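Undergrad: Pasting the sequence and the predicted model now:
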Amino acid sequence: MSLDKLRNIGVIAHIDAGKTTTTERILYYTGKIHRMGEVDDGSTQMDWMTQEQERGITITSAATTCRWGQHVINIIDTPGHVDFTAEVERSLRVLDSAVVVFCAVSGVQPQSEKVWRQADKYKVPRIVFINKIDRLGADPHKVLEDIRSTLDAKPLPLQMPVGVESHFRGIVDLVTMKFVTWDDDEGETPLVSPVPEALVKDAAQWRDSLMEVLAEVDEEVMDLYLEGDAVPGDLAMSAIRKGTLGRDFYPVLYGSALKKRGVQPLLDAIVDYLPSPMDLPPVFGSRDGESLTRAPDPDGPFSALMFKTMAFSGRPNLFYLRVYSGRCSLGAKMLNTRSGKVERAMKILRMHANRREEIREMTVGDIVALVGLKDARTGDTLCDPANPVNLEELSFPEPVIFIAIEPKSTKDQDKMLDVLSVLADEDPTFGVRIDDETGQIILSGMGELHLEVLVDRLFKDFKVQGRVGKPQVSYRETVTRTVTAEERFAREIAGKDHEASVTLSVDPLPDGGAVRYVDKCPDGKIPEEYRRYIEQCVYEAASSGAKAGYPVIDIQVTLLDGDYHPDRSSETAYKAAAMGALHKCLLDGNPILLEPIMAVEVETPEDFTGDVMSSLNVRRATIEGVQKQGQLEVISTKVPLKEMFGYTTSLRSVTQGRGTFSMELSQYRQVEDK
């Protein structure tokens, strides 16, 4: 296969916009599967985990490969729930492009905005698929306005939808000016015909708007457009592809994946307008502080990024890779630049959700899973040992919620810790630690559902028995006034004197800041090699505040002064002195606790809006607005995280199971002493 025939795409959206259903239809029409599954009955190919089938949502990114004509399409179906946003983050890091699915009724929802911003971060070209156009309350024009206003993006319709809600009949392809409908239940055979006379005028206006945009990115189209001449379809397609790759605009298509309408034109758009690996710039990396690039050349040195690991009970772990350059055969040596160790894969697998196909070689553009690596984790670079490179790692948000868990019996403790360690390696947003005071095992994550799923896997998949405590909030600490403190450390350790003095000041910073370190110590007071130890110690010590032991944020720590004794000063002495000085500052800086405040959006039928707002007010919510979306109303609010525990059950109760909500961290705000 020629590399220009390869497409690596992600399917991304808000929960319940129809990502998995769209992916399922794509797999059916490309011949990858022979029966379409449904999310509601837990029969889809991509939602293969028990936890996904039970809840009817995507939890883990699932990879698959299919063919459309002469093209090969690697697809990653991603979660839509905010608790699993790290799955989207690491998928977009390694994908070349994405299909963003919007619900024609709900438009741009909180998580669809979140994943759009993530795609912006990685400069990912996108196609928009406005789904559920047959649903009651569908308003495709409002979705376009949402994209312009909320996402500050330029949607470019390539189709004109014919009818909405129950009157949805088909689409007019504005490039070919053909009318496309489907008349069989399986939607396998699109019927292409001339545009009906009644639609010609509207279709011409839509096409004129399309050509006006294309003229901005292509001079040949501009010349024809200004002269009033018809723009040939192949020239229009070339201009659409050019503008899509440059992210000048985002092509928009319409359909109903559930009713099996509009998927084949979406597949055509994927191969016609989204990039191959050859269309993208080289990836950046480094070696010994020197910047390097790796071009998508199959004959270049091998380099690949580990973007995901998957753990199983009783089976070897899977390590998912995206190959950026070169090729590597089964059993060949690969250098892990983080560990410095050489790895060999026992198997190279092309994945279809949880089904596996063994292959003998991976090459540039491939998304594969490896078996048999000994020391690898998310974010690692594997490369040619003779040409090492360290590709840019992934970054993930900090957990905001935690629970305590304990084994059912002492004999289960070691097994529980081993399994939790494996799950933490798999999921960078899942943390495990043992509380020094209570000895409890503390699990931290992105939300209640996130931790619920991980505990469910622990108990059901790995057969570890235990008891779970109530969710707790991961608070933060900060100071409210500037403080300066000096600490001198002088002690004999193992027969050797250790002595050093460090003076630090701590200043409060505006909300949203991390810990900032500044070195203003006069030259010659402390040798350079020891200054590094002081800085390192400051960041380590800030992970536990003086008030209640929570991580410290929103402060600037400044090294002001210190002394040096050639015979007695040591790394140990400077670290101890720095830690003591920082602790004094945090203690004397009028420390306060900060609690996470969540931005919450609740979607509810109009009849229940009053009851929903009442239930939110009880939870100390600050209502910021109510907006109508089709038959639903969307309530935007800010709520302390600790007040949101158990809200899923409460919302179902007051809306008769018809309300949904999403939330993400907005800010930290002062709380009263606990």
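TA: That came in fine, so what should we check first? Numbering: from 1, shown residues only.

Undergrad: Confirm that Ala376 sits in a strand.
TA: No. Counting by DSSP: H, G, I helix; E, B strand; the rest coil, Ala376 is not part of a strand but coil.

Undergrad: begin at 767 from here
TA: Yes, from this point I'll number from 767; that puts the last item at Ala1142.

Undergrad: Now that it has come up, it's in contact with Arg1110, right?
TA: No. With contact defined as Cβ atoms under 8 Å, Ala1142 does not reach Arg1110; the gap is 11.5 Å. Every C-beta, even on glycine, is put in place using the N, C-alpha and C of the backbone.

Undergrad: The two: who's more crowded?
TA: Ala1142 (23 against 14; other Cβ atoms under 10 Å).

Undergrad: Name the residues that touch stretch 1090-1109?
TA: For stretch 1090-1109, contacts defined as Cβ atoms under 8 Å, 6 or more residues apart in numbering pick out 1049, 1060-1071, 1110-1111, 1113-1114, 1125-1130, 1139-1143, 1145-1151, 1154-1157.

Undergrad: repeat for stretch 1383-1401
TA: So stretch 1383-1401 is contacted by 871-873, 901-905, 908, 1366-1372, 1375, 1378-1379, 1382, 1402-1406, 1409-1410, 1413 (Cβ under 8 Å, 6+ apart).

Undergrad: residues touching the residue nearest to Leu1360 when sequence neighbours are not counted, list them.
TA: Distance criterion Cβ to Cβ, 6 or more residues apart in numbering; nearest residue to Leu1360, sequence neighbours excluded, is Tyr1434 at 3.8 Å. When contacts are counted by Cβ under 8 Å, 6+ apart, Tyr1434 is found next to Arg1242, Asp1277, Ile1319, Asp1320, Leu1360, Glu1361, Pro1362, Ile1363.

Undergrad: tell me the least confident of those residues?
TA: Checking pLDDT across those, the minimum falls on Asp1277 at 77.

Undergrad: What separation do you get for it and Arg1435?
TA: 8 Å (Cβ to Cβ, to the nearest Å).

Undergrad: can you check Asn774 too?
TA: 41 Å.

Undergrad: The two - which one has more neighbours?
TA: The residue with more neighbours, out of Asn774 and Arg1435, is Asn774; 25 against 14, by other Cβ under 10 Å.

Undergrad: hang on, the earlier thing: so which of the contacts of Tyr1434 are in strands?
TA: Among the contacts of Tyr1434, DSSP state E puts Arg1242, Leu1360, Glu1361, Pro1362, Ile1363 in strands.

Undergrad: hmm, which two among the residues you listed are most spread apart?
TA: Using Cβ to Cβ, the two most remote members of the ones in strands among the contacts of Tyr1434 are Arg1242 and Ile1363, lying 11.3 Å apart.

Undergrad: tell me the phi and psi of the residue nearest to Leu1360?
TA: phi -110, psi 140 (degrees, to the nearest 10).

Undergrad: Kindly report the same for Gly994.
TA: Torsion angles, degrees, to the nearest 10, at Gly994: phi 80, psi 10.

Undergrad: swap in Lys771?
TA: Here Lys771 shows phi and psi, under degrees, to the nearest 10, equal to phi -100, psi 10.

Undergrad: okay, and the helix or strand of the protein with the least pLDDT?
TA: helix 816-821 (a mean of 57; mean pLDDT, DSSP states H and E).

Undergrad: Name the next helix or strand downstream of that helix, please.
TA: strand 828-834 (DSSP states H and E).

Undergrad: for the record, mean pLDDT for the next helix or strand after that next one?
TA: Per DSSP H and E, the first helix or strand lying C-terminal to strand 828-834 is strand 837-843. The average pLDDT within strand 837-843 is 90.
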